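Engineer: quick one: sequence and predicted model below, then my questions.
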Protein chains: 2
Amino acid sequence: MPQLRKDPITGRWVIVNVEEPMRADAFKARPHQRSSKTCSFCPGNESMTPPEILVYKKPAVKGAAPWQIRVVPNKFPALRIEESTDKYAFGIYDKLGGFGAHEVIVETPDHDKQIADLPLEQVELVLKAYRERCLDLRKDPRFKYILIFKNYGQAAGASLEHPHSQLIALPIVPSRVQGEIKGSVSHYEYAERCIYCDMVNQERAERKLTVFEEGDFLGFCPFASRFPFETWVLPKSHEAHFDAISDDDLKGLAKALKAVFLKMKLALKDPAYNFMIHTIPIYAKEAEAYHWHIEIIPHLTRVAGFELGTGFYLNPTPPELAAETLRGQPAGML
Amino acid sequence: MPQLRKDPITGRWVIVNVEEPMRADAFKARPHQRSSKTCSFCPGNESMTPPEILVYKKPAVKGAAPWQIRVVPNKFPALRIEESTDKYAFGIYDKLGGFGAHEVIVETPDHDKQIADLPLEQVELVLKAYRERCLDLRKDPRFKYILIFKNYGQAAGASLEHPHSQLIALPIVPSRVQGEIKGSVSHYEYAERCIYCDMVNQERAERKLTVFEEGDFLGFCPFASRFPFETWVLPKSHEAHFDAISDDDLKGLAKALKAVFLKMKLALKDPAYNFMIHTIPIYAKEAEAYHWHIEIIPHLTRVAGFELGTGFYLNPTPPELAAETLRGQPAGML
């Protein structure tokens, strides 16, 4: 029996196939293509990228790479810091200069180690670099929103193999974020509770959607998952701003992320995925209602005419089944 | 210089690469895979589908297929007419029974002829079948919205090769449609004009985005196109309901669609695409503000973390360049 489920934040409906669900092994493995080009993110090729914005170096060890993490401007930026924020009209249309920042976080010197394979300390450094860049960029009053995201694998839009994530700072608050805030505020006005805290609490009572729990972090497949094996990671304590994360919580989040990515890699044969940090806009006043979180979406199905035409999603794998599968996989040596 | 453009209906922003645009020939041709399975939509295999809901037969001609168009229930429906419309709560979440209708329109007996290749009379019959199914389904008061769409090519989500489109009737109004209506109404309240009529009028004055104009129909690449070579087809006369289309306009729309698909096939090496008819919900009262239209989206790029995280889109091909390219292609023998 198909079932329609509603996301309590955005009101988005998903049609979940609870009758003949697609299990993890029904999705074809799609091997990642290897490029033969010289990698501009590998140690020794630092001159192939623009100069560093941020670098973490460790005490020199013979033979080791000269850095642990590098943050560089994107060589092919979607937006640029030199552009204007001027607004223009073109008849009934609006245009805006291409002002913004677009950075790349090179997550490790090792070309072949994704988050699932990296030592915990290295994952922690990646997250620390995210926080440091956010805290720096929020000083520029022209930025209203910062998105950190990662595309892994060609199918998920990655053009380079070397492990990296991206940061885009924007002069406007994106519509998707506005939608989340609107939904959160509407729940808060009605219930005087954060909807994300409610999701965490309901899950801690039910335990049907949990993938992993570690320290302050809960990984779970949301009740109205748009995509098969979609997984969210949330801090259990209420906090709207990602970049307010403490050093201790960076450690917990590193554990949670590494565990979730390892579980996905094992259960889904190293799938391509996107990962996005959803945080509140820099100057937003709705911090009581909103809760930062991470959304991880493996690329297993295709978005087609039905999704494009309605904004509904068709999910062939009920999230309770996805969670059970991921929960059963090892979480790594933590 | 990158440029941010805002869709005047939904408020969605798109980052358009106007500096180093991707031209048609920069997109790789992705040949369509051929299946060796017996086709359940080919003449002679009618028993492989559920019984027909609608069939158009022509006077018997020796050797010809016994039908021109068949409409059958989807064998693997996303929603079913036998399910309930009951609503349930699960703690903070909402569920709904899987009630709905999911039909397949087999567009021609010919396995290998897509809309671009079909005779005009056949395209007209396809559109007539769309209209007839909509007019029939709107008699059931449980349906609130009817979406007609088509996925062509595996990359666009098609699982069968034989030319077909799909219809899904829903017990709720989809969020994307709600968003469009909200935007249209807001423009109408301010300007007392339909925003889509404004788009048509501005384009007829500017002539930078036009792909094709025929009878009452205008094909153009919207100013804030999300995807490269995204094309919309609109009736120039104001009308909110697709299924109110006249017999004369069915002819004009058949010409316009065939021309647009032929142009795309030639310019973009037979790309996979999605096509959706956007129409007003059955019981909506905003008919003055809303305007039915068709959105055609060739699959040339991938939606990745940035799009998923923000709801913004990155479009490497400015729509004025896409329109110029498509305009330059032959429109077929009309």
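Structural biologist: Nice, thanks for sending it over.

Engineer: the strands in the stretch 51-200 of chain A, which residues?
Structural biologist: A:54-56, A:69-73, A:87-90, A:93-97, A:101-106, A:145-152, A:164-170 (DSSP state E, counting those that start in this stretch).

Engineer: could you find the closest non-adjacent residue to the closest residue to chain B within the stretch 101-250 of chain A?
Structural biologist: The stretch 101-250 of chain A approaches chain B most closely through A:Gly157 (2.8 Å), counting by C-beta to the nearest C-beta. (Glycine included, C-beta is placed from N, CA and C.) Counting by C-beta to C-beta, 6 or more residues apart in numbering or on different chains, A:Gly157 lies nearest to B:Ala304, which is 2.8 Å off, once chain neighbours are set aside.

Engineer: same deal with A:Leu4?
Structural biologist: Nearest to A:Leu4 is B:Leu96, by C-beta to C-beta, 6+ apart, at 3.9 Å.

Engineer: so what's the one you found up against?
Structural biologist: A:3-6, A:13, B:85-88, B:171-172 (C-beta atoms under 8 Å, 6 or more residues apart in numbering or on different chains).

Engineer: A:Ser35 too?
Structural biologist: Residues near A:Ser35 by C-beta under 8 Å, 6+ apart: A:160-161.

Engineer: neighbours around A:Phe76, how many?
Structural biologist: Taking other C-beta atoms under 10 Å in any protein chain shown as the criterion, the count of residues near A:Phe76 is 9.

Engineer: same thing with A:Trp292?
Structural biologist: Neighbours of A:Trp292 (other C-beta under 10 Å): 19.

Engineer: Throw the strands of the stretch 51-200 of chain A into CSV and include distance to A:His293, thanks.
Structural biologist: Below are the strands of the stretch 51-200 of chain A laid out as CSV (distance: least, C-beta to C-beta, whole Å):
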stretch, distance to A:His293
strand A:54-56, 24
strand A:69-73, 23
strand A:87-90, 31
strand A:93-97, 28
strand A:101-106, 19
strand A:145-152, 12
strand A:164-170, 16
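
Engineer: wait, which of the ones you listed is closest to A:Ala267?
Structural biologist: strand A:145-152 (15.4 Å; C-beta to C-beta).

Engineer: so does the closest one get close to chain B?
Structural biologist: Yes - using C-beta under 8 Å from any C-beta of the partner chain, strand A:145-152 reaches chain B at A:145, A:147, A:149-151.

Engineer: determine the angle, from 0 to 180 degrees, between that strand and strand A:164-170.
Structural biologist: Relative orientation of strand A:145-152 versus strand A:164-170 (axes from the mean of the first three to the mean of the last three C-alpha atoms, to 10 degrees): 160 degrees.

Engineer: name the surrounding residues that touch strand A:145-152.
Structural biologist: Outside of strand A:145-152, the residues within contact range by C-beta under 8 Å, 6+ apart are A:105, A:114, A:130, A:133-134, A:137-138, A:157-158, A:164-170, A:172-174, A:177, A:242-243, A:272-277, A:279, A:281-282, B:304-306, B:308-310.

Engineer: next: stretch A:185-195.
Structural biologist: With C-beta under 8 Å, 6+ apart, stretch A:185-195 has contacts from A:8-9, A:183-184, A:198, A:238, A:286, A:288-291, B:92.

Engineer: give me the ChimeraX select line for those residues, limited to the buried ones.
Structural biologist: Per 16 or more other C-beta atoms under 10 Å in any protein chain shown, the buried members of those correspond to this ChimeraX selection:
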select /A:8,9,183,184,198,238,286,289,290,291
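
Engineer: widest-spaced pair of the contacts of stretch A:185-195?
Structural biologist: Using C-beta to C-beta, those span at most 18.6 Å, a distance reached by A:Glu286 and B:Ile92.

Engineer: so which of the contacts of strand A:145-152 sit within helices?
Structural biologist: Here DSSP state H is the test, and the contacts of strand A:145-152 give A:130, A:133-134, A:137, A:177, B:305-306, B:308-310 as lying in helices.

Engineer: which one of those is nearest B:Ala65?
Structural biologist: For the ones in helices among the contacts of strand A:145-152, the nearest to B:Ala65 is B:Leu308 (43.4 Å; C-beta to C-beta).

Engineer: on that earlier part again, now the ones in helices among the contacts of strand A:145-152 in a markdown table, with distance to B:Leu118?
Structural biologist: Formatted as a markdown table, the ones in helices among the contacts of strand A:145-152 follow (distance: C-beta to C-beta, whole Å):
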| residue | distance to B:Leu118 |
| --- | --- |
| A:Tyr130 | 52 |
| A:Arg133 | 54 |
| A:Cys134 | 54 |
| A:Leu137 | 53 |
| A:Val177 | 44 |
| B:Gly305 | 39 |
| B:Phe306 | 38 |
| B:Leu308 | 36 |
| B:Gly309 | 40 |
| B:Thr310 | 39 |
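
Engineer: helix or strand: which one has the residue nearest to A:Val123 when sequence neighbours are not counted?
Structural biologist: Nearest non-adjacent residue to A:Val123, counting by C-beta to C-beta, 6+ apart: A:Ala254, 4.0 Å away. Using DSSP states H and E, A:Ala254 sits in helix A:247-267.

Engineer: now that helix: average pLDDT?
Structural biologist: Computed over helix A:247-267, the mean pLDDT rounds to 96.

Engineer: okay, angle between that helix and strand A:145-152 too, please.
Structural biologist: Per the same axes, to 10 degrees, the angle that helix A:247-267 makes with strand A:145-152 is 30 degrees.

Engineer: can you show me the CA trace of helix A:247-267 as CSV?
Structural biologist: Taking C-alpha atoms only, helix A:247-267 is exported to CSV below (Å, rounded to 0.1, in the frame of the first residue of the first chain):
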residue,chain,number,x,y,z
ASP,A,247,35.3,21.9,20.3
ASP,A,248,33.8,19.0,22.2
ASP,A,249,30.8,18.8,19.8
LEU,A,250,33.2,18.9,16.8
LYS,A,251,34.6,15.6,18.1
GLY,A,252,31.1,14.1,18.5
LEU,A,253,30.0,15.3,15.1
ALA,A,254,33.2,13.8,13.5
LYS,A,255,32.3,10.4,15.0
ALA,A,256,28.7,10.6,13.9
LEU,A,257,29.6,11.7,10.3
LYS,A,258,32.3,9.1,9.9
ALA,A,259,29.9,6.4,11.2
VAL,A,260,27.1,7.4,8.9
PHE,A,261,29.3,7.6,5.8
LEU,A,262,31.0,4.2,6.6
LYS,A,263,27.5,2.6,7.1
MET,A,264,26.4,4.1,3.7
LYS,A,265,29.5,2.9,2.0
LEU,A,266,29.1,-0.6,3.3
ALA,A,267,25.3,-0.9,2.8
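
Engineer: closest to B:Arg30 out of the contacts of stretch A:185-195?
Structural biologist: A:Ile9 (35.5 Å).

Engineer: for the contacts of stretch A:185-195, could you give me JSON lines that also reports pLDDT?
Structural biologist: Shown next, in JSON lines, are those (pLDDT from 0 to 100):
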{"residue": "A:Pro8", "pLDDT": "95"}
{"residue": "A:Ile9", "pLDDT": "95"}
{"residue": "A:Gly183", "pLDDT": "96"}
{"residue": "A:Ser184", "pLDDT": "97"}
{"residue": "A:Asp198", "pLDDT": "97"}
{"residue": "A:His238", "pLDDT": "98"}
{"residue": "A:Glu286", "pLDDT": "95"}
{"residue": "A:Glu288", "pLDDT": "97"}
{"residue": "A:Ala289", "pLDDT": "97"}
{"residue": "A:Tyr290", "pLDDT": "98"}
{"residue": "A:His291", "pLDDT": "98"}
{"residue": "B:Ile92", "pLDDT": "93"}
